[in-house]
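S.K.: need a structure here:
(2 chains)
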Amino acid sequence: DGGITQSPKYLFRKEGQNVTLSCEQNLNHDAMYWYRQDPGQGLRLIYYSQIVNDFQKGDIAEGYSVSREKKESFPLTVTSAQKNPTAFYLCASTGTYNEQFFGPGTRLTVL
Amino acid sequence: AQSVSQHNHHVILSEAASLELGCNYSYGGTVNLFWYVQYPGQHLQLLLKYFSGDPLVKGIKGFEAEFIKSKFSFNLRKPSVQWSDTAEYFCAVKSYGGATNKLIFGTGTLLAVQP
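M.R.: Prediction:
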């Protein structure tokens, strides 16, 4: 089946640790995105990539990093510099008509 | 900067009641408009979209939305809600012709339908 997969579904991290969230798509989409979803704040864009080996900061990029070495993959690293990392993280890619397709999300909890 | 406003943060309705969720955006040019829905424990999924043409757009599960350019609005409607419509609803806007495909999302409206 075509779609976007994110792993793991739940992730726990100790303060001061970096952690990497996986996002893979087999939709052959060029553009991919990472969002953070917090209650009452909607979706806020962290990073996006329009093509392999290129990515841009979104609205809340501080404390995060990404890479885009393959078209199918867009991993997000939450670094120890992120002040409030506990959140629900969503990965998306853009289809032909600019609609975005979303993965199931990863819920990160910092202990 | 572009922004999207969803004025209703929480809505509680009884089954069979009519629904209208507001969405306003701030951008003067041509836009693509979207409504997404997130059912409990499920992926965020596209409900409907507007690109051009008829400003009344029909989506899945009996939802529709009307684009009113003069009011910068794209309100979501359903004539008769069901308990299964309980979900969070997000409005999103993309400015047409922009350098990227970035969507700007509203803060969401949590709808609870009581049986």
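S.K.: can you pull up the most central residue in chain A?
M.R.: Here the mean C-alpha position of chain A is nearest to the C-alpha of A:Trp34 (C-alpha atoms, centre = their mean), at a distance of 3.2 Å.
S.K.: any idea how far it lies from chain B?
M.R.: In this view, A:Trp34 and chain B are 12 Å apart by C-beta to the nearest C-beta, to the nearest Å. Every residue, glycine included, has its C-beta placed from N, CA and C.
S.K.: in which helix or strand does that residue reside?
M.R.: Take DSSP states H and E as the rule and A:Trp34 turns out to sit in strand A:32-38.
S.K.: okay, now B:Ala92: neighbour count?
M.R.: When neighbours are defined as other C-beta atoms under 10 Å in any protein chain shown, B:Ala92 has 25 of them.
S.K.: cool, B:Leu110 as well?
M.R.: What B:Leu110 shows, counting by other C-beta under 10 Å, is a neighbour count of 16.
S.K.: what about the strands in chain B?
M.R.: Taking DSSP state E, the strands of chain B run over residues B:4-5, B:10-14, B:19-21, B:24-25, B:31-38, B:44-50, B:56-58, B:64-68, B:73-78, B:87-95, B:104-105, B:109-114.
S.K.: what's the first one in contact with?
M.R.: Read it as strand B:4-5. By C-beta atoms under 8 Å, 6 or more residues apart in numbering or on different chains, the residues outside strand B:4-5 that reach it are B:Gly22, B:Cys23, B:Asn24, B:Tyr25, B:Ser26, B:Cys91, B:Ala92, B:Val93, B:Ile104, B:Phe105, B:Gly106.
S.K.: who wins for neighbours among those residues?
M.R.: When these are compared by neighbour count (other C-beta under 10 Å), B:Cys91 ends up highest, at 30 neighbours.
S.K.: so it touches B:Gln6, yeah?
M.R.: Yes - if you go by C-beta atoms under 8 Å, B:Cys91 and B:Gln6 touch, sitting 5.5 Å apart.
S.K.: on that earlier part again, check the contacts of strand B:4-5 and tell me the two furthest apart.
M.R.: Considering C-beta to C-beta, no two members of these lie farther apart than B:Gly22 and B:Ile104, which are separated by 15.9 Å.
S.K.: what comes up buried for the top strand by length along chain A?
M.R.: If you go by DSSP E, chain A has its longest strand at strand A:42-51. Within strand A:42-51, the residues that qualify as buried by neighbour count (16 or more other C-beta atoms under 10 Å in any protein chain shown) are A:Gly42, A:Leu43, A:Arg44, A:Leu45, A:Ile46, A:Tyr47, A:Tyr48, A:Ser49, A:Gln50.
S.K.: elements contacting it?
M.R.: Secondary-structure packing of strand A:42-51 (3 or more C-beta pairs under 8 Å, 6 or more residues apart in numbering or on different chains; DSSP states H and E): strand A:32-38, strand A:54-57, strand A:64-66, strand B:104-105.
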